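> give the three-dimensional model of this entry:
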Amino acid sequence: MDQEIVIILKNILLPPGGLLLLGLLALVSGRIVGKIILAVTLLLFYLLSTPFVANNLMAGLERHIFLTPEEVNSSQAQAIVVLAGGLYEEAPEYGGDSIKAFSLERARYAAWLQRRTSLPIIVTGGDLAKRGISEAKLISQTLKEEFGSKILATEDKSTSTWQNALFTSRILKSKGIKKVALVTHAWHMPRAVEVFKLHMVDVVAAPTIFSSGRSSINRSLKRDWLPNAKAFRDSYLALHEHLGMAWYRLKELAGLT
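Sure, this is the predicted structure:
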């Protein structure tokens, strides 16, 4: 499916788009039905904005624990593969395009691992924003110039996690690399591991930036049940990952892998 269509569908189905559609449905429905739909919409908006719900949604994804450099070495991984996480377009302080926070966080951890394991780094991520330069190249540039990292290869054609795995698997095969340490955010790791394994890449998960924490109904109202923007963002990210995994499984069942 065309990437533009996928982006549109995601924005429609996931919050806040999905909640806005429910709100519109409430407006055009009958008085009683409309009130019920509106109440459900407001309840969902509230729940997704609470740290309690967001933390639990994230905890369901952050199943892979962090690894020590010693564990990465003992895993017999032959390279570090880092997944791109977005572009910071027209960054005025850098005089042009740079990488956004997700990409920087992943790059930093890949550099940290390389200093302690001496494994080469492969960066994967295409030009999603159609800026004329891939995310992988910008991340590689940051890794070399700001972290002193050595880059073995860049994959700069992919526009999704699925394509990250597909195109990177070809690079790994050409270089005789059979096992890699996969670096991405902890909440993104289950989907990334799933598709890399589908493309016959042996991976050891090396997650970074854990968003979930212990959450309890008995904790303070302010911490767990008062809505905030960060919790809503984390809920969105978690739902995005679940939707992505469901889509990949549907593709596999339909024989589109």
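
> now do the SS call for the residue nearest to Pro120 when sequence neighbours are not counted.
Distances taken as C-beta to C-beta, 6 or more residues apart in numbering place Leu152 nearest to Pro120, at 3.6 Å, with adjacent residues excluded. Placement of C-beta: from N, CA and C, glycine included. Secondary structure for Leu152, judged by DSSP: H, G, I helix; E, B strand; the rest coil, is strand.

> can I assume Leu152 is in contact with Ala79?
Yes. Using C-beta atoms under 8 Å, Leu152 is in contact with Ala79, at 6.2 Å.

> about what we covered before: now do the contacts for the residue nearest to Pro120.
Listed by C-beta atoms under 8 Å, 6 or more residues apart in numbering, the contact partners of Leu152 are Ala79, Pro120, Ile121, Ile122, Lys175.

> now do Lys197
Contacts for Lys197 were tallied using C-beta under 8 Å, 6+ apart; they are Val203.

> what about it, distance to Pro190?
11 Å (C-beta to C-beta, to the nearest Å).

> and what of Gly86?
Gly86 is 19 Å from Pro190, by C-beta to C-beta.

> just Phe66 next, same as before
Using C-beta to C-beta, we find Phe66 at a distance of 15 Å from Pro190.

> please apply the same query to Pro51.
21 Å.

> between the two, which has more neighbouring residues?
A count of neighbours by other C-beta atoms under 10 Å puts Pro51 above the other of Pro51 and Pro190, at 23 against 20.

> near the closest residue to that one other than its chain neighbours, how many other residues are there?
Of all residues not flanking Pro51 in the chain, Ala231 sits nearest, at 4.7 Å (C-beta to C-beta, 6+ apart). As a burial measure, Ala231 scores 22 neighbours (other C-beta under 10 Å).

> was I right about Ala231 contacting Met58?
No. Ala231 is not in contact with Met58 according to C-beta under 8 Å; the separation is 9.8 Å.
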